[in-house]
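Peer 1: here is a sequence together with a model predicted from it:
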Amino acid sequence: MPFPLAVLVSGSGSNLQSILDKIEAGAIDAEIRVVLSNKPDAYGLVRARNRNVATWSRPHTDFPSRQAFDAEMVRVLNDHGIAVGQGAVVLAGFMRMLTPEFLRAFPQAVVNIHPALLPSFPGTHGAADAADYGVRLAGCSVHFVDEIMDHGPVIIQAAVPALPDDDHKSLAARILKLEHCIYPQAVSWLAQGRLSIDGRHVRVSGAHPASLGDAAQPYLTSPGLEPGFLPQDV
Ligand code: GRF
């Protein structure tokens, strides 16, 4: 049976699309059972419907508390077969902190992508903050989610150069291209049961050595990307 996934989005959903595309291409043995959003107009919901994936959306402002909103999401996820020891929850541009109660409902099974090399530049504007800081290397991180924002154990990171003429938009676009490689790769490991958490460290069984780009498209990912997840495959 394909590994059950749910994806939570608040916006464009390009990372959701990258995972949908890799599932369709046969690179990830998983099934997205439902896409949830706190923004009923999120374009990510359209991407899901275009692939006949079930969607659920309610403005979080409809609920009396963060706990009440999260409890409703847990109910919807359980209804779609995502539960303790069953499947995983993938945050793809979901702009809400999750409650401890939500995280306890899916232990070691909630992952997130962040557009910076954690632990640098956590928060909602990771790529822009890195550009403003003047870093020479920027990047993105996929990590397990814990109760602290952008803090849980790191699964994979990709680094890309920040160029002298970069603005927020150009740097974010260079990072996003690698997000679309490392997130499907991490989800594929998750679906294959190849990830284990040992304190702050994530072990990836059978991980490849780091992947390197070239002069035309420089990047570094660690662990390495497997065939089917490289930037030229995007
Ligand atoms: C990405 O930059 C991701 O790293 C961050 O939010 C953005 C979502 O983009 N968490 P998209 O909605 O997947 O296009």
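Peer 2: Sure, I can see it.

Peer 1: list phi and psi for the spatially closest residue to residue 2 that is not a sequence neighbour.
Peer 2: Spatial nearest neighbour of residue 2, excluding adjacent residues (C-beta to C-beta, 6 or more residues apart in numbering): residue 31 at 4.1 Å. C-beta: built from backbone N, CA, C; applies to glycine. Phi and psi for residue 31, reported as degrees, to the nearest 10, are phi -130, psi 130.

Peer 1: list the contacts for residue 31?
Peer 2: 2, 3, 4, 5, 23 (C-beta atoms under 8 Å, 6 or more residues apart in numbering).

Peer 1: quickly list what it is bridged to.
Peer 2: residue 4 (DSSP bridges).

Peer 1: right, and residue 213 touches residue 225 too?
Peer 2: No - applying C-beta atoms under 8 Å, one finds residue 213 not in contact with residue 225, separated by 10.2 Å.

Peer 1: more crowded one of these two?
Peer 2: residue 225 (22 against 18; other C-beta atoms under 10 Å).

Peer 1: using the three-state scheme, assign the more buried one.
Peer 2: Residue 225 falls in the coil class when you classify it by DSSP: H, G, I helix; E, B strand; the rest coil.

Peer 1: residue of this structure closest to the ligand, please.
Peer 2: Taking C-beta to the nearest ligand atom as the measure, the point where the chain comes nearest the ligand is residue 93, at 2.7 Å.

Peer 1: name the element that residue belongs to?
Peer 2: Residue 93 belongs to no helix or strand when elements are defined using DSSP states H and E.

Peer 1: kindly report the same for the one 10 residues further on.
Peer 2: Counting by DSSP H and E, the secondary-structure element that holds residue 103 is helix 100-105.
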